[in-house]
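Peer 1: A predicted structure for the sequence below; I have some questions about it.
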Amino acid sequence: MEVKCELIGELIMEAEEKPTGNRIFADEKAEGSSGGQGTLLGKEVTIMVTGVLTPMPNGVMMTEGNALIMTSEGGVVMAKIGGIGWFTGKDLKTSARGACYFMTNSPKLESLNNIVGVYER
């Protein structure tokens, strides 16, 4: 599954993620985790994501999650993710749209603290 996060046309991050786990709760919510490799502001990164999907009455899923992004140079970025998604077919495949908010103490990536990215997957 390919994920792209852009700043009004400027590519911030691109990653290929694969599911690493799923769980269904009694209240019909689902939790999913994924991980993969990609680039963030042109730097190679490893990403781990965990999110909760909450079903809405219209069949759309509200999504909330967190990502841990680590650069090959040792920088660490956290991202808060929120949006909507829906199932697209077999094997629990989904499509989603939303926003991501980045947080980092890394001097080389501190510009991320001032932006909101829009994602599509």
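Peer 2: Structure received.
Peer 1: my read: Glu31 touches Arg23, true?
Peer 2: Yes. With contact defined as Cβ atoms under 8 Å, Glu31 reaches Arg23; the gap is 4.5 Å. All C-beta spots, glycine's among them, are computed from the backbone N, C-alpha and C.
Peer 1: more neighbours, these two?
Peer 2: Glu31 (14 against 10; other Cβ atoms under 10 Å).
Peer 1: secondary structure class of the more buried one, three-state.
Peer 2: Here Glu31 is recorded as strand under DSSP: H, G, I helix; E, B strand; the rest coil.
Peer 1: relative to Met13, how far out is it?
Peer 2: Distance of Glu31 to Met13, given as Cβ to Cβ, to the nearest Å: 22 Å.
Peer 1: same check on Gly89?
Peer 2: Where Met13 is concerned, Gly89 sits at a distance of 25 Å (Cβ to Cβ).
Peer 1: who does the residue nearest to Glu110 when sequence neighbours are not counted bridge with?
Peer 2: Of all residues not flanking Glu110 in the chain, Thr104 sits nearest, at 6.4 Å (Cβ to Cβ, 6 or more residues apart in numbering). Listed beta-bridge partners, Thr104: Val77 (assigned using DSSP bridges).
Peer 1: OK, contacts around Thr104?
Peer 2: 75-78, 110, 112-113 (Cβ atoms under 8 Å, 6 or more residues apart in numbering).
Peer 1: good, wrapping up.
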